[in-house]
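> with the sequence up front, the predicted model follows.
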Amino acid sequence: MRLWLPILLLMLLLCSIASANTGVAIVKTTKGDVTIKRMGKTLPVSPRDRLQEGDILATGAASRIGIIFNDGSVLSLEANSLLRIKTFIFSPIEEKFNFKLFLNKGAALFESGKIGSLAPERFELETPQGTVGIRGTKFLVEVK
């Protein structure tokens, strides 16, 4: 019986490490020149890459990226866009939700996932001109 406790604790630790490495979203599609700025480094982006809080996504001319967040939200960034994932917390068991994006320039098509239905007041899209709280499910925004 005493052997089970250390094994259980080890399993919980490994699960928490694994979940920390999954990120907040996954890249589904890319076209053209798409990069991510993470911790001061600029990296190319490919499908199946994991995204994290704080990542800054940039698309070049004739480029785009499609992303699915862990709550099922879908985001498409069009050409010449710059977007930062400010905050993403999706923990339905603990009833903790927070989703903030900052679109500095370009165009984004967004369709909300579970956060949009469970806690719509916890989603915000910021732009240089102001902050928008979205209570719907799908929208397009363009910042010039």
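Good, I have the coordinates. Residues are numbered from 1 along each chain as shown.
> alpha carbons only for contacts and neighbour counts from here, please
Noted.
> show me the shaky parts of the protein.
Along the chain, segments meeting pLDDT under 70 span 1-21, 130-136.
> please, where are all the helices along it?
4-20, 114-118 (DSSP state H).
> note down every partner strand of the strand ranked longest in the chain and its orientation.
Longest strand in the chain by number of residues (criterion: DSSP state E): strand 96-111. Sheet pairing of strand 96-111 (DSSP bridges) gives strand 74-77 (antiparallel), strand 82-91 (antiparallel), strand 123-127 (parallel), strand 138-143 (antiparallel).
> residue 81 contacts residue 102, correct?
No - Residue 81 is beyond contact range of residue 102, at 11.0 Å (criterion: C-alpha atoms under 8 Å).
> more neighbours: which of those two?
Shown here are residue 81 and residue 102; by other C-alpha atoms under 10 Å, residue 81 has more neighbours (24 against 19).
> could you find the closest non-adjacent residue to that one?
Distances taken as C-alpha to C-alpha, 6 or more residues apart in numbering put residue 106 closest to residue 81, at 3.8 Å, once the chain neighbours are dropped.
> that neighbour is in contact with residue 143, isn't it?
Yes - counting by C-alpha under 8 Å, residue 106 does reach residue 143; the two are 5.2 Å apart.
> list the buried residues in the longest strand of the chain.
97-108, 110-111 (16 or more other C-alpha atoms under 10 Å).
> what residues does that strand touch?
Strand 96-111 has contacts (C-alpha atoms under 8 Å, 6 or more residues apart in numbering) with 73-91, 115, 119, 122-128, 137-144.
> circling back to that earlier point, ok, now how distant is the residue nearest to residue 81 from residue 76?
11 Å (C-alpha to C-alpha, to the nearest Å).
> repeat that for residue 34.
For residue 34, the distance to residue 76 - C-alpha to C-alpha - is 12 Å.
> same check, this time on residue 35
Distance, residue 35 to residue 76, using C-alpha to C-alpha: 14 Å.
> when the two are compared, which one has more neighbours?
Taking residue 35 and residue 76 together and counting by other C-alpha under 10 Å, residue 35 has the greater number of neighbours (21 against 18).
> from residue 92, how far out is the more buried one?
Look at residue 35 and residue 92: by C-alpha to C-alpha, they are 31 Å apart.
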